[in-house]
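A.B. asks: quick check, what structure comes out for this input:
(one chain, ligands or ions: 1)
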Amino acid sequence: MPEFALLAADRADGRENSQAILTVDLDALADNWRLLKGRARGAECAAVVKADAYGIGLRPAAKKLLAAGCKTFFVAHLAEAEFLRDIAPEARIFALNGLPPGSSALFARKNLCPVLGSLPEMEEWAAFCRAENRKYDAAVHIDTGMNRLGLVKPDFPRALDLLDAFTPALIMTHFVSAEDASAPRNRAQIERFEEACGLFPPMRASLCNSSGMFLEEAPVFDLTRPGYALYGGNPTPGSDNPMNPVVSLEAVILQVRDIRAGEAAGYNARWTAPSRRRLATIGLGYADGFPRSASCGDIGADVFAGGAWCPVVGRISMDLSIIDISDAASLKRGDRVEVLGDHISVDDLGRWSGTIGYEILTDLGRRHKRVYVGGD
Ligand SMILES: *Cc1c(COP(=O)(O)O)cnc(C)c1O
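C.D. replies: Numbering: from 1, shown residues only. Reported below is the predicted structural model:
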């Protein structure tokens, strides 16, 4: 968070600020982890906390998950892993993006586990372990269809030679379309992964991300790796969301005005009032993670305020947006509107913006007043 945003953090109510208020419900995060752990049917349930715990804050999220009993964490980068190591001295920490050149000693010193995803990474880790005369742990990433990270079949013979040099702690792969239960790819990936597991020496195995954990056909193996669902995202798009919402975002009304039919609002006058309308200007824009694209497409975002849906009108600008409050006409300066919360999920705002809830979460602004509920 930029330092100026901290200035607002101490003010009790937030009404004195024009900034939006982002509330992170850490109890809901812990409930979601327990719910997912229940779904893991005896396998271990880890937590994916990359990208600052999907935007909600790595430190508070990790502390809460540790307190709930989570022992294994996945991040993307080495720097995230190092940061997490200070918060979680005992936890098992995997870095999904693998082994950057020359970083083996740092991984080993901090007891961090790289997820090795290519032969060059395996060669480097194996050479390091041989030089140190010690078999450090690493995970092995198998590519079963993403073509992004991971070993492919022709790599296996060489990989099997290299495995002798270190302790293979985990074999894993990642689904391409787990959120689509009807995708035939899911089954093909499961089969390829099972085949790879059979070719490698016995070690713990991990397949499922959030949506994977809700695929009936997907075995849980030894360890599951949910991220999005922990933060309240729907792992089963098209069906009810089994998860508890974790983030809510409220913006503040800065002013209210009435306009006549035919008047335009916002940059480039892209919206014209069809009739007499009451508009409110809120202190939230694309620099706060309210995507400009939510005011450019066919659907567009609504906010919820005064018991009514209030559509965004005109273009979302950097720091401000305009909403039509004609159906909630008693709203006034200083009132708050729901941008994310009980009525509006991260999945909704993602859909309205032509993206996914994941991106809404990871783009959550840096200048909100942040309130953590259920922390220590
Ligand atoms: C991000 C990620 C996850 C978590 O995925 P969600 O869909 O957020 O649950 C799991 N595994 C890998 C390899 C990832 O990159």
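A.B. asks: up against the ligand, what does the stretch 201-350 of the chain have?
C.D. replies: 209, 210, 211, 225, 226, 227, 228, 229 (CB under 6 Å from any ligand atom). C-beta coordinates here come from the backbone N, C-alpha and C atoms, glycine included.
A.B. asks: the fifth one against residue 48, yeah?
C.D. replies: In other words, residue 226. Yes: the pair residue 226 and residue 48 qualifies as a contact (CB atoms under 8 Å) at a distance of 6.5 Å.
A.B. asks: next, give phi and psi for the residue nearest the centre of the chain.
C.D. replies: What sits nearest the mean C-alpha location of the chain, by CA atoms, centre = their mean, is residue 54, with 3.1 Å. The phi/psi pair for residue 54 (degrees, to the nearest 10) reads phi 50, psi 30.
A.B. asks: beta partners for residue 21?
C.D. replies: Counting by DSSP bridges, residue 21 is bridged to residue 250, residue 369.
A.B. asks: so how far is the ligand from it?
C.D. replies: According to CB to the nearest ligand atom, to the nearest Å, residue 21 stands 25 Å off from the ligand.
A.B. asks: with residue 172 instead?
C.D. replies: 7 Å.
A.B. asks: tell me the contacts of that residue?
C.D. replies: Contact criterion CB atoms under 8 Å, 6 or more residues apart in numbering gives 115, 139, 140, 141, 142, 205, 206, 207, 223, 225 as the residues in contact with residue 172.
A.B. asks: let's see it at 10 Å
C.D. replies: For residue 172, the set of contacting residues under the criterion of CB atoms under 10 Å, 6 or more residues apart in numbering consists of 74, 94, 96, 115, 117, 139-142, 150, 193, 196-197, 203-208, 221-223, 225.
A.B. asks: report the beta-bridge partners for it.
C.D. replies: Per DSSP bridges, residues listed as beta-bridge partners of residue 172: residue 141, residue 206.
A.B. asks: please say which of residue 226 and residue 48 ends up with more neighbours.
C.D. replies: Taking other CB atoms under 10 Å, residue 226 and residue 48 do not tie; residue 226 has more neighbours (29 against 24).
A.B. asks: what about the nearest residue to the more buried one once chain neighbours are set aside, neighbour count?
C.D. replies: In this structure, residue 226 finds its nearest non-sequential neighbour in residue 210, 4.2 Å apart by CB to CB, 6 or more residues apart in numbering. Residue 210 has 27 neighbours, counted by other CB under 10 Å.
A.B. asks: residue 210 contacts residue 241, doesn't it?
C.D. replies: No: using CB atoms under 10 Å, residue 210 and residue 241 do not qualify as a contacting pair, with a distance of 11.2 Å.
A.B. asks: common neighbours of these two, please.
C.D. replies: Any residue near both residue 210 and residue 241 by CB under 10 Å, 6+ apart counts here, and that gives 229, 233, 234, 235.
A.B. asks: need the three-state assignment for the residue in the stretch 51-200 of the chain positioned nearest to the ligand.
C.D. replies: Shortest the stretch 51-200 of the chain-to-the ligand distance, computed as CB to the nearest ligand atom: residue-wise this is residue 174, at 3.9 Å. The three-state label for residue 174, taken from DSSP: H, G, I helix; E, B strand; the rest coil, comes out as coil.
A.B. asks: run a quick neighbour tally on the closest residue to it other than its chain neighbours.
C.D. replies: The shortest distance from residue 174 to any residue that is not its chain neighbour, by CB to CB, 6+ apart, is 6.0 Å, and that residue is residue 146. When neighbours are counted by other CB under 10 Å, residue 146 registers 14.
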